[in-house]
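> Here is the input, now give the coordinates:
(3 chains)
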Amino acid sequence: MRLLVLLWSLGPLLWQLRTSLLRPEALVAPLLEGNPWTLANYQLVLSGDPPFWRYLANSTLVGLATTLLTLLLAVPCAYGLHKERGPLRWGVGLALVAAAMFPTVLLFLALLEIARSFGLANNLLTLSLPYTALSLPLAVLLLRAAFADLPGELEDAARLEGLGLGQRLRFVLLPLLGPALASTAVLVFLASWNEYAIALTWISRSDLLTLPIAIARIGGGSVFTIPYGAFAAATVLGSLPLLLLVLLAQRSIVSGLTRGAVKG
Amino acid sequence: MKSRTVTLLLMLPALLLLAAVFLYPMLRYGWLSLQASSVLTGLVPVPNGGANWGRLLDDARFWTDAGQTLRFALCSVILELLGGLALALLLHRPLRGRGALRALTLLPWALPTTVMALGWRWILNDPHGPLNAAIHSLGGSSYGFLSTPATTWFFVVLADVWKTMPFVALLLLAGLQTIPADLEEALRLEGASRFQILRRLTLPLLVPYLTLALLFRLAQALGVFDLIQVLTGGGPAGSTESLALYAYLNAMRFLDFGYASTVMLATFLLLLVSLGGGWLLLRRHGLERTTERAA
Amino acid sequence: MSSRSGAGLELRQLGREVGGRCLLDRLDLQVAPGECVALLGPSGCGKSTTLRLVAGLDPASGGQVLLDGVDLSGRSPGERQVAMVFQSYALYPHLSVEGNLDLGLKVRGMARRERQRRIDATLELLQLGELRQRRPAQLSGGQRQRVALARALLRQPRIVLLDEPMSNLDAQLREDLRPELRRLLCGREQPVIYVTHDQQEAVGMADRIALLDAGRLQQVGSPRELYTNPANRFVAAFLGRPAINLLTIEPGRQLGLRPEHLRLGDDGALAARLLRREWWGHQQLLWFDSQWGTLRVLTAPEAPMPQEPRLGWQRQHELWFDTESGARLAA
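The predicted model follows:
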């Protein structure tokens, strides 16, 4: 049972790994003589123009900027929403759920217009602005649930000791929110790493492409001319950071989504 | 009063950004859909009455795409829920190496859609992909999986299920973890079989999570774009084109921003209607469930 | 304790309403310097609400809180110099014992040396020196409570508030801790308010008891006053275990008789039939059936049981109440 599940989940990925290590001739004619294994595909990808690590760096930069900005905006918003007792609590909560479900591709045209009129296109840091907005709904919902999980008496105690709002957040609440912040950060980073439609329209300079776009471009030609070996090598290289992230943060991804689902 | 102001101020920056990115585009499309804004007008918006909407009503391609999108969404979401439920039940059981298993099954969801879409393209490649290689070694002749509408459609759904099933499983796993173990034990003491426990206890208690997963996935699937753009480009012969892809093509290839806005807005409205309908259906069903259990 | 002199804590017409629901109805209460008043009542009676209003954690919808004659109403919790021990203790789980004590002092900008001196002194007072590096999760319930107390005392508060500080401890520990808590908290210059739903604890800790029900003050006074001279049926029924017997012997009026005031003999006014005995060692509780209903009677453990038991009492022990309103009636 377990093996079957693993085969289903990992099979296509393992096939990519195999493909990436084969010589191009071996891909087309499997019965060729001699050693079919090679690292040439990786050399090809890494020595391209721009070299492949460039895309990794771009995606990482956008991911980090997005994560940072999202947390910066989501933490106060989640706290405010947690404290809010008026009708806004209900309204904003509902709007956040709706926004979290929204298929983001429908936004690209208007966002592209904004990018053009404000000169935001072809810039990795400004790209993190729409990314932040796309991640905010989920991040706020997750963090609000985390705030609600903290015992209210802790903050009361801190207020009695004379801690202001900023001090309460810094010394009491945020340190206790560590796990929730970590899982939110991982989810935001993943979402930003994988985003396609907006990056596709905002970024045209080839040295600024993010990973999903770069990979799609490698495969952009007709089905017959895709350099599959090189492409597979790119896939493997592009997946490795995510593989590490998911393995390391498995617990916090699961707990983050769990909390979001329970409270959302 | 004072603290109320503070909470509002804390929420403000995030809400402003959200309004700019989610609300503004919808308003903008509303306005653009009433304009002619294409290569013909030099991309300068010129009011054209409701011409775009009139064109939409007569646009066979739009309605074909709408049907295709709906069919894709329903099929893949139902399969994802079934597969996700099975996967969640498996991951919920105390197995050795459960943490690693969870991480590894999660991997397809964590990878960029484009990466895995190209991966599938290679697997289905005619004639060199592994699937055709397997057919070859069994003595068959290679088959253009991505050049026949039926098989293409099947593999688009399969690829989507493969990618998003782990996400659904994770949501349902969250639901499973909220069910107290003693409820199941109590039922087992009364001699219920595993299937009866699943049907009488687990599934009813999972209904809120199934609903959440269904609505969330349905919304995402109705807006499917990157998977189709990379895997099939909408082909063969437009048979897998989705509404979002059509809107994208209108904007970026045909450079008709007015009509693209109309298509996007129409897609959004269709999505609202489908979600609202789905929700009402579920609610009625849920009510029946509750009364059935109360009786 | 006159309301004009103004020393100590005074609550004037203090009220709180949330969404049209009245949680506390115009409470008047004075606590003298060094006095400990217990707020007693069933859950939801408004006792914790009162405490939070005094601390300034929730806004009052009416009335004032005065300390030594000065109105605290506009002040934030941090400015009120109030110390509070919470039911959950509310220790910061990510900080050590020392860190828990230090945080409040640090944010007030106190010099490190002075902070250290105060913390050391307080840890000494509460015999917590050994545990200073521990996290709350590594402490027992009693130790956590002592740390919470230490944190409250450290700030040299002008008011001390305790919100069910012992309800998370087991019964034996609660009894053992009462004298220590009194030694540490009461009889200094600060007024102390102690919230509890446990009448034994209230009697054991407080100089006076204020009994609340449904947001209203029912009676305030010494434990003895409340017990012997209850203002109404609620007070009579809430205090005293086993509970008072309430007998409807004539229309419109109820007679209250405490179990220990009923005498078992063969010449009492009321014929009774024994239903059940509970033997408690130092006493026994007898349950009787009579024409007025079931009665609880406390007697000595070896009291003889007459052939045909009758119950008697003295006129001075009779407590009469209005059946409808529960108000106390003259005998």
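
> what about the helices in chain B?
Assigned by DSSP state H, chain B shows helices spanning B:2-18, B:24-32, B:51-58, B:60-92, B:98-110, B:113-123, B:130-137, B:149-178, B:181-189, B:194-197, B:203-222, B:226-231, B:243-248, B:257-294.

> To clarify, my last question referred to chain A.
Here chain A has its helices, by DSSP H, at A:2-20, A:24-28, A:40-46, A:52-83, A:87-101, A:108-118, A:124-149, A:152-160, A:165-167, A:174-176, A:178-194, A:197-202, A:211-218, A:228-263.

> In TSV: these, plus distance to C:Arg208, mean pLDDT and mean neighbour count.
C-beta here means a position set from N, CA and C on the backbone, and glycine is covered the same way. As requested, those are exported to TSV (distance: least, CB to CB, whole Å; pLDDT from 0 to 100; neighbours: other CB atoms under 10 Å in any protein chain shown):
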stretch	distance to C:Arg208	mean pLDDT	mean neighbour count
helix A:2-20	68	82	16
helix A:24-28	91	66	16
helix A:40-46	82	77	18
helix A:52-83	36	93	22
helix A:87-101	41	88	16
helix A:108-118	68	89	19
helix A:124-149	38	91	23
helix A:152-160	24	92	22
helix A:165-167	37	91	15
helix A:174-176	39	91	16
helix A:178-194	45	88	22
helix A:197-202	68	89	23
helix A:211-218	72	83	24
helix A:228-263	44	75	20
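
> mind checking which of the ones you listed is nearest B:Gly276?
helix A:87-101 (11.9 Å; CB to CB).

> so, in contact with chain B or not, the closest one?
Yes - using CB under 8 Å from any CB of the partner chain, helix A:87-101 comes into contact with chain B via A:Leu88, A:Val92, A:Ala95, A:Leu96, A:Ala99, A:Ala100, A:Met101.

> Disregarding flanking residues, what is the spatial nearest neighbour of the fourth one?
Closest residue to A:Leu96 in three dimensions, ignoring its sequence neighbours and counting by CB to CB, 6 or more residues apart in numbering or on different chains: A:Pro137, at 4.4 Å.

> now the one you found: how far from A:Val105?
Counting by CB to CB, to the nearest Å, the separation of A:Pro137 from A:Val105 is 16 Å.

> Same check on A:Ala139?
Distance, A:Ala139 to A:Val105, using CB to CB: 20 Å.

> Please, where are all the strands along the stretch 101-250 of chain C?
C:159-163, C:192-196, C:208-213, C:216-221, C:245-250 (DSSP state E, counting those that start in this stretch).

> Tell me which of these is the most buried.
By mean neighbour count, with neighbours taken as mean count of other CB atoms under 10 Å in any protein chain shown, strand C:192-196 ranks first of the strands of the stretch 101-250 of chain C at a mean of 27.

> isn't B:Trp53 right next to B:Ser33, touching?
Yes - assessed by CB atoms under 8 Å, B:Trp53 is found in contact with B:Ser33 at 6.8 Å.

> quick one: common contacting residues for the two?
B:Thr262 (CB atoms under 8 Å, 6 or more residues apart in numbering or on different chains).

> how is chain C carved up into domains?
Per the record, chain C has its domains at C:9-229, C:241-329, by automatic domain parsing.

> Grab the nearest non-local neighbour of the spatially most central residue of chain A.
Nearest residue to the geometric centre of chain A (CA atoms, centre = their mean): A:Leu190, 2.0 Å. Nearest residue to A:Leu190 in three dimensions, chain neighbours excluded: B:Ala110, at 5.6 Å (CB to CB, 6+ apart).

> Give the full set of residues in contact with the one you found.
B:Ala110 sits next to A:Leu190, A:Asn194, A:Leu242, A:Leu245, A:Val246 when contact means CB under 8 Å, 6+ apart.

> Quick check: pLDDT value at it.
For B:Ala110, the model assigns a pLDDT of 85.

> And C:Leu139, by the same measure?
Looking at C:Leu139, its pLDDT is 91.

> quick one, what contacts whichever residue of chain B sits closest to chain A?
Residue nearest to chain A within chain B: B:Gly223 (2.2 Å; CB to the nearest CB). For B:Gly223, the contact set (CB under 8 Å, 6+ apart) comprises A:Phe102, A:Pro103, A:Thr104, A:Val105, A:Leu106, B:Leu243, B:Ala244, B:Thr267, B:Leu271.

> okay if I get these as a markdown table plus distance to chain C and neighbour count?
As requested, the contacts of B:Gly223 are exported to a markdown table (distance: CB to the nearest CB, whole Å; neighbours: other CB atoms under 10 Å in any protein chain shown):
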| residue | distance to chain C | neighbour count |
| --- | --- | --- |
| A:Phe102 | 33 | 20 |
| A:Pro103 | 38 | 19 |
| A:Thr104 | 36 | 23 |
| A:Val105 | 42 | 26 |
| A:Leu106 | 39 | 26 |
| B:Leu243 | 45 | 29 |
| B:Ala244 | 45 | 26 |
| B:Thr267 | 42 | 25 |
| B:Leu271 | 37 | 24 |
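
> okay, those in JSON lines with distance to A:Thr38 and pLDDT next?
Below are the contacts of B:Gly223 laid out as JSON lines (distance: CB to CB, whole Å; pLDDT from 0 to 100):
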{"residue": "A:Phe102", "distance to A:Thr38": "45", "pLDDT": "88"}
{"residue": "A:Pro103", "distance to A:Thr38": "41", "pLDDT": "88"}
{"residue": "A:Thr104", "distance to A:Thr38": "39", "pLDDT": "86"}
{"residue": "A:Val105", "distance to A:Thr38": "38", "pLDDT": "88"}
{"residue": "A:Leu106", "distance to A:Thr38": "43", "pLDDT": "89"}
{"residue": "B:Leu243", "distance to A:Thr38": "43", "pLDDT": "90"}
{"residue": "B:Ala244", "distance to A:Thr38": "39", "pLDDT": "90"}
{"residue": "B:Thr267", "distance to A:Thr38": "46", "pLDDT": "92"}
{"residue": "B:Leu271", "distance to A:Thr38": "47", "pLDDT": "90"}
